[in-house]
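Asks: the sequence isn't on hand, but the structure is:
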């Protein structure tokens with residue numbers, strides 16, 4: 001098997017392995033089916049009603065039949081900018097979406113994009129959005145104000161009709177840009193919110209994972225990864241279990257995967273992708289863009305990866321992969337063919353299909 005990684009895989013105190021599949025549930029790497037044309041796909045959202053949403057270079061698309069057909073969903077900013085879009089779905093009604101408004105602020109549709117209403121007007125840049133799965137009337141919106149150093153976190157308890165500022169950052173003395181790498185509501189507790197945000201400058205290389213038990217008013221730190229930004233948080237199958245992806249600053253390269261079995265009180269480093277190292281004359285590194293846990297098969301986890309190399313004074317993405325484990329992270333193997341950079345993953349509501357967004361389009365694989 002072609003080895004993709006120069007990674008140190010940690011499981012408890014033992015070194016985990018990159019190996020061929022050891023489970024009959026595994027699928028061959030060439031069993032991916034492309035859905036639609038070859039075009040950059042940056043983001044996936046799944047809904048409990050079976051709908052799959054994909055953000056592409058041409059806009060937002062929705063499928064109700066496991067990706068076989070797709071309907072375009074108009075956005076206030078259409079087509080969307082390249083990269084991840086601040087976009088949130090109502091967990092109970094897939095026709096209700098929240099997205100940045102044209103010209104700044106926040107907009108909502110209740111009819112799958114046929115029309116949009118502005119909830120918050122102004123020049124604010126929407127940095128992140130989140131809807132509580134435990135209470136879809138509870139929303140959070142992170143804004144970067146006209147000055148890049150300004151930041152506000154707003155909360156609504158009535159579906160976006162009224163808002164309260166729950167956290168803010170005063171203007172910093174030095175120049176920096178407000179950034180949000182994670183905004184994740186607890187799926188069971190409507191006032192519990194996980195986040196990672198700061199004002200980043202050229203000297204900034206990391207941030208912390210924090211949690212609020214009162215909707216964002218007060219915070220406590222859970223984890224401070226070394227030279228990394230917390231970016232993906234996923235609840236495990238067992239109670240109080242969490243999985244966290246922290247990607248290192250792209251100037252350094254690399255990624256870290258953590259787990260917690262005690263609701264975030266302590267964390268174990270399970271997987272390391274090392275810092276940028278030379279390969280074929282160019283330094284390169286891997287980062288984790290997606291993490292999916294199979295709720296129907298304990299121990300099966302997928303990671304979506306991107307690989308970047310230095311090119312002159314900049315960075316260039318040069319591919320990616322999907323890794324899978326069926327034993328909770330002790331052994332990983334490649335589960336993707338030539339998909340290029342994998343930007344996101346999502347499992348269908350019935351658990352039958354794994355969808356992948358990549359630089360080459362939207363793909364799916366039958367996993368059970």
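Replies: Cool, the structure landed. What you see is a predicted model, and the numbers here were worked out from it, not measured in a lab.

Asks: tell me how many other residues surround residue 262.
Replies: 10 (other Cβ atoms under 10 Å). In short, each C-beta sits where N, CA and C put it, glycine included.

Asks: in terms of pLDDT, where does it sit?
Replies: Confidence at residue 262, expressed as pLDDT, is 98.

Asks: before we move on, what about residue 84?
Replies: So residue 84 comes in at 83 (pLDDT).

Asks: distance-wise, check the residue nearest to it when sequence neighbours are not counted relative to residue 156.
Replies: In this structure, residue 84 finds its nearest non-sequential neighbour in residue 43, 5.4 Å apart by Cβ to Cβ, 6 or more residues apart in numbering. To residue 156, residue 43 is 23 Å away according to Cβ to Cβ, to the nearest Å.

Asks: residues near the closest residue in space to residue 135 that isn't next to it in sequence, how many?
Replies: Of all residues beyond its chain neighbours, the one nearest residue 135 is residue 190 (3.8 Å), with distances taken as Cβ to Cβ, 6+ apart. If you count neighbours by other Cβ under 10 Å, residue 190 ends up with 17.

Asks: repeat for residue 152
Replies: Using other Cβ under 10 Å, residue 152 has 18 neighbouring residues.

Asks: quick one: contacts for residue 205?
Replies: Taking Cβ atoms under 8 Å, 6 or more residues apart in numbering, we find residue 205 in contact with 227, 248-249, 251-252.

Asks: ok, and the most crowded of those?
Replies: Greatest neighbour count in these, by other Cβ under 10 Å, goes to residue 248: 24 neighbours.

Asks: surely it meets residue 256?
Replies: Yes - Residue 248 is within contact range of residue 256, at 7.3 Å (criterion: Cβ atoms under 8 Å).

Asks: shared neighbours of the two, anything?
Replies: residue 228.

Asks: partners of residue 212 in the sheet?
Replies: residue 193 (DSSP bridges).

Asks: just checking, it touches residue 190?
Replies: No - in this structure, residue 212 is not within contact of residue 190 by Cβ under 8 Å, at 11.8 Å.

Asks: so who does residue 55 touch?
Replies: By Cβ under 8 Å, 6+ apart, residue 55 lies in contact with 41-44, 61, 80, 84-85, 87, 357.

Asks: and the nearest residue to residue 244 once chain neighbours are set aside, which of the three is it?
Replies: Among residues not flanking residue 244 along the chain, residue 258 sits closest, at 4.4 Å (Cβ to Cβ, 6+ apart). What DSSP: H, G, I helix; E, B strand; the rest coil gives for residue 258 is strand.

Asks: doesn't residue 224 make contact with residue 258?
Replies: No - under the criterion of Cβ under 8 Å, residue 258 is not in contact with residue 224, lying 11.2 Å apart.

Asks: out of the two, which sits in the more crowded spot?
Replies: Legend: neighbour count by other Cβ under 10 Å for residue 258 and residue 224, higher for residue 258 (23 against 14).

Asks: how about the contacts made by the more buried one?
Replies: 223, 225, 243-244, 246, 267-270 are the contacts of residue 258 under Cβ under 8 Å, 6+ apart.

Asks: next, the contact list for the residue nearest in space to the middle of the chain, please.
Replies: For the chain, residue 232 is the residue whose C-alpha lies nearest the centre (Cα atoms, centre = their mean; 5.0 Å). Residues near residue 232 by Cβ under 8 Å, 6+ apart: 182, 244-245, 288, 290-291.

Asks: in a markdown table, list those residues along with pLDDT.
Replies: Output for the contacts of residue 232, formatted as a markdown table (pLDDT from 0 to 100):
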| residue | pLDDT |
| --- | --- |
| 182 | 96 |
| 244 | 98 |
| 245 | 97 |
| 288 | 95 |
| 290 | 97 |
| 291 | 98 |
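
Asks: which of the residues you listed fall within strands?
Replies: 182, 244-245, 288, 290-291 (DSSP state E).

Asks: of these, closest to residue 98?
Replies: residue 182 (17.3 Å; Cβ to Cβ).
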